[in-house]
Structures are given as structure tokens and as C-alpha cells.
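[1] Curious how this folds, go ahead:
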Amino acid sequence: MKNLIMAASVPIRTSYFHCLRNKQYWPLERITRYQERKLRKMVHYCWDYVPFYKTIWEKFIQGPEEIRNIKDLERLPVITKKDITDNYTELVTRNRLVFSQESRTGGSTGQPLKFQMTRLDEEISWAQMYVGWSRAGYSIGDPFLVIGGESIGAGLHDKRIWRDRLLNRWISSGSNITRERVIALSRTGYFNQIRLIYGYPTAIREMCEHFHDLKIRPMQIQGVVCTAEPLRPEVRHRIKEILQIDNVLDQWGLNDGGMHAAEGKEQDGLHVSFYRGILEIIDSENRQIYEKEKTGKGIATSLCNFAMPFIRYDTGDMLHWKSFEPSPSGITWPRIGPVDGRTGDVIHLKNKSITMPGLTLVMRWMEGLLEYQFIQTGPNDITVNLKRGNNFQLTEAETRSYLKTKIDDQVNWTIQWKEAERTANDKILIVRNDWFRNQNRPL
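    Just a heads-up that it's a prediction; the model follows:
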């Protein structure tokens, strides 16, 4: 019955799920042929309908027919988030037969981004994720719990809407995780029906700590899939320990670039989905890397989003190839190693903890904000580094009021108009808990 409800509710998504799951065993040569056929079509389309690309590509190629395979992508320039923001209208298709809706990234990198997306591409994106979830024990229609932010389907509250009911999805906001909210969750009729938990690893770990203290856990749980920030070994271990399961799997992806990769049961690298996009890993000279364990920039080319295609888009993450051989379970998709990407600590206040998704929920809606970073310096003191764009309108007092209203009105907020501080590998640590770290307390 649950399969029939899902098939009726989201037929395109369900159909693509079954299609892509069957393609997990395609040989690498067949995957490459598929991607290069789609690439040629997309490059011709961009030349004809997306002004930005024709303008910049004319400096590198005579025409779209020169890009025939993945290796040829080296001839095209890499684009960045700034290029997207500065040339937004020129990146939207001029093809009037393509309908789209505005989407935006979750802001987990500290740099929220708006873009256009077709409904079909969105449905294929969900289908790709469901394939990854299936490796953690998920079946179409299973009850699942989302813990996190708006970019993964959760908001500032735990309220379910009609669509959640159709998908058999329950929501738990990552904006603040308290004992009282966890108790309320455990007393609902669906708590022991949950088969999968999906969300941000720090948020899931924080909720699991409450499970541990309350001596409860979802009794039907089969697996956990983590996204949006690196799954640190100690976090994975703790979630496994409390939930008493082995399937705590990592996932990486970005909707804007059409990329997705997810671990298999072996937990030995993330299988890169090939249907929506092409992943390149390049060195400082723009040369594609195929040597295993050699780190380079992750570059994404979307193959299905004809509303606003991203061609050779810098994901902002440093990646490396783990293996091109089939995994022991038989999945043939190439694997990347752990992603050196977005990450963060947890803010700990007196009566609640706030993980990264709770903050991205708030900050992604501040128009004109380019970067943000939260640094906890005391039990009730938080400094926020904000980098403003030209269209940022809020004053310092208005910004502080916004944070008090949306996050916590008892915090002493300090605003600094400056770029977020980077880690040694040039990443933004969205949440940095200096207070806990200075006390040698676990984050």
C-alpha cells in the first residue's frame, strides 16, 4: 500500500527511483557514453539559449561542436558562485518552452545562492537521493524522519504539511534541539514506525544524545543518511552506538550543480550519481585528475536542468577519487573519498543546542548576505561575522534584532562586518564554539 501511495503522489520521482536503482550496475564505459551524449546536447543548448555561456565560451572555442567528450571540458572556463550571482539573468534560459521555479541552496557553505530549476530536474534529484537511502535500508514509502534545515525539507518548526503525509515524512527542525521537543517526538504514534533518519550529522547526533538520556530510540530504525556537512568518525560512531545500527551512511551533493554521491553499506567511499551531472576533479592547472587519492577541486556540470544550467561549476569542495572499481556489493559507480567541505561545531546554550541547519534556516533569507559565521565565546555570548553585498539593507541594530527574534533573544549578539574566518583548507567553519573548545569539552 505504501508503494502505491508514493507512486500516485510522486509518480515521476518513483519511476526514476526504480530506473536509477537498476542503473547502479552499469559498467563505467556505459556511464561515460551516456554522460557524453547528454553533455553534447547540453553544450549546444547553452550556446543557443543561455547568453552567458556563449559570451564567455567564444574566447575558448569556435562553436559547441568542439566539446564532444568529458576531456574536452578542460577547454571551458570554470564558473563560481560569484559568476552566478553577478550574471543571474544571463544564465537563465531564453527558451520559452522551459518552465522553472526559483530554488536556493541551504546556505550550509556560508554563501546562500538562488537559482532556477525545472520540476523534472528536482524530481530526478529526489530519485537519486532515494537510491542512496536504499543502501541504508530505505524502501519507497517507508516512514522517515528529517532532522535539519529547509534545504532538506525541514523548517523552523515541526509541523507536517499535506505533502509530508503523502511522502510518509516527519519533520524535526534543527533550529534548536531540546529535551522537551525530543520527549514530544517520542510520544507521537509514528516514533516507533520510523525506518530512516535523514539530516545533518551534528543535528542527528544532538537528538541521539537526548535519546540516550531518555533511554529511548525508534524501534524500527534501519539506517541513517547524513548530508550537508562532513560526517566525522566520532559522530558516526556515536549515532551507531545510540541507535544500535550499522547503517549510518554519508551523502554529498549540491542541487545547483546537479551532483549527488552516497556511501554504500561498505562505507568505503561515496558512489557518484551520474544521471544529473558530471563530476570533474581538477588540479591548479585546470587538468582533470584521475589518480586515486589525489585531491583537487570538485567541478560540476549539470545535465538535466535546462532552466539554468551550471557548466563547470566550482562546488567549493576539495575532493579525491577513491576507486573506479565496483564495490563488493556490485555497485559500479565511481567513488570519491570523504569530502573536505562544509562543516561546523554546535552552539550550546543553557536550555538548548543549535546546530548548523538551524542557523542556515535563518541566514539564507537575509537578502544581500554573502557570508556568515557564528562564533560562541561564552555561555551566552555569540559573535557573528557577516560579509555584506551591495543590496544588503539591514543596519547593525536591525540585524541584531533579527537574530534575537529568529534564533534566541537571551544571547548577547556581537555583529562584525567582516569575512568569515577560514580553516587551513580555505573552508568556512559556519559554527565555531571557542567557548567549549577552550574548556576541552566535546563539541
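[2] C-alpha only now, for contacts and for neighbours.
    Fine.
[3] for the protein, what's the longest strand?
    strand 369-378 (DSSP state E).
[4] And the helix or strand just after that one, what does it pack against?
    Next helix or strand after strand 369-378 toward the C-terminus (DSSP states H and E): strand 381-388. Packed against strand 381-388, as judged by 3 or more C-alpha pairs under 8 Å, 6 or more residues apart in numbering; DSSP states H and E, are the following elements: strand 369-378, strand 412-417.
[5] tell me the most buried of these?
    With neighbours taken as mean count of other C-alpha atoms under 10 Å, these reach their highest mean count in strand 369-378, at a mean of 22.
[6] Just the C-alphas of the longest strand of the chain, formatted as CSV.
    Output in CSV follows, covering the C-alpha atoms of strand 369-378 (Å, rounded to 0.1, in the frame of the first residue of the first chain):
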residue,chain,number,x,y,z
LEU,A,369,24.2,38.5,2.6
LEU,A,370,27.3,36.9,1.1
GLU,A,371,28.9,35.0,4.0
TYR,A,372,28.2,34.4,7.7
GLN,A,373,29.9,32.7,10.6
PHE,A,374,28.8,32.2,14.3
ILE,A,375,31.5,32.1,17.0
GLN,A,376,30.4,31.2,20.5
THR,A,377,32.7,32.9,23.0
GLY,A,378,30.9,32.4,26.3
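[7] That one relative to strand 412-417, how many degrees between them?
    140 degrees (axes from the mean of the first three to the mean of the last three C-alpha atoms, to 10 degrees).
[8] Quickly run through the sheet partners of strand 369-378, with directions.
    Under the criterion DSSP bridges, strand 369-378 sits next to strand 381-388 (antiparallel), strand 431-433 (parallel) in its sheet.
[9] how about TSV for those strands, with mean neighbour count added?
    TSV is the format used below for these (neighbours: other C-alpha atoms under 10 Å):
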stretch	mean neighbour count
strand 381-388	19
strand 431-433	22
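[10] can you tell me which of these comes nearest to Glu398?
    Checking the strands paired with strand 369-378 against Glu398 by C-alpha to C-alpha gives strand 381-388 as the closest, at 13.4 Å.
[11] any idea of the mean pLDDT in the closest one?
    Average pLDDT, strand 381-388: 94.
[12] Gly349 contacts Gly378, doesn't it?
    Not quite, residue 349 is Leu, not Gly. No. With contacts defined as C-alpha atoms under 8 Å, Leu349 does not count as touching Gly378, sitting 9.2 Å away.
[13] Would you single out the least confident of the helices and strands packed on strand 381-388?
    Minimum mean pLDDT among these: strand 369-378, a mean of 91.
[14] who touches it?
    110-112, 347, 363, 382-389, 392, 419-421, 428-435 (C-alpha atoms under 8 Å, 6 or more residues apart in numbering).
[15] Repeat the analysis, applying 7 Å as the threshold.
    Applying C-alpha atoms under 7 Å, 6 or more residues apart in numbering, the contact partners of strand 369-378 are 110-111, 347, 382-389, 392, 419-420, 429-435.
[16] do stretch 37-44 as well
    Stretch 37-44 is contacted by residues 64, 67-68, 303 when judged by C-alpha under 7 Å, 6+ apart.
[17] show me the contacts for the most far-flung residue of the chain relative to its centre.
    Most distant residue from the mean C-alpha position of the chain: Gln62, 35.6 Å away (C-alpha atoms, centre = their mean). Counting by C-alpha under 7 Å, 6+ apart, Gln62 makes contact with nothing.
[18] That one sits in which helix or strand?
    Using DSSP H and E, Gln62 falls outside every helix and strand.
[19] Find the nearest non-adjacent residue to Leu185, please.
    Distances taken as C-alpha to C-alpha, 6 or more residues apart in numbering place Phe191 nearest to Leu185, at 6.6 Å, with adjacent residues excluded.
[20] do Pro379 as well
    Leu349 (6.2 Å).
[21] ok, now Ile239?
    Arg205 (5.8 Å).
[22] SS state for the one you found?
    Under the three-state scheme (DSSP: H, G, I helix; E, B strand; the rest coil), Arg205 adopts helix.
[23] again, but for the one 5 residues further on
    In terms of secondary structure, His210 is helix; the call rests on three-state DSSP.
[24] looking at the protein, which helix or strand does the model trust least?
    Using mean pLDDT, DSSP states H and E, the weakest-scoring helix or strand in the chain turns out to be helix 2-9, at a mean of 71.
[25] buried sites along that one?
    Residues of helix 2-9 classed as buried: 6-7 (neighbour count, 16 or more other C-alpha atoms under 10 Å).
[26] got it, and stretch 211-222?
    Buried residues in stretch 211-222 (16+ other C-alpha under 10 Å): 211, 217-218, 221-222.
[27] can I get those residues in JSON lines with pLDDT?
    As requested, these are arranged in JSON lines below (pLDDT from 0 to 100):
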{"residue": "Phe211", "pLDDT": "96"}
{"residue": "Arg217", "pLDDT": "95"}
{"residue": "Pro218", "pLDDT": "96"}
{"residue": "Ile221", "pLDDT": "97"}
{"residue": "Gln222", "pLDDT": "97"}
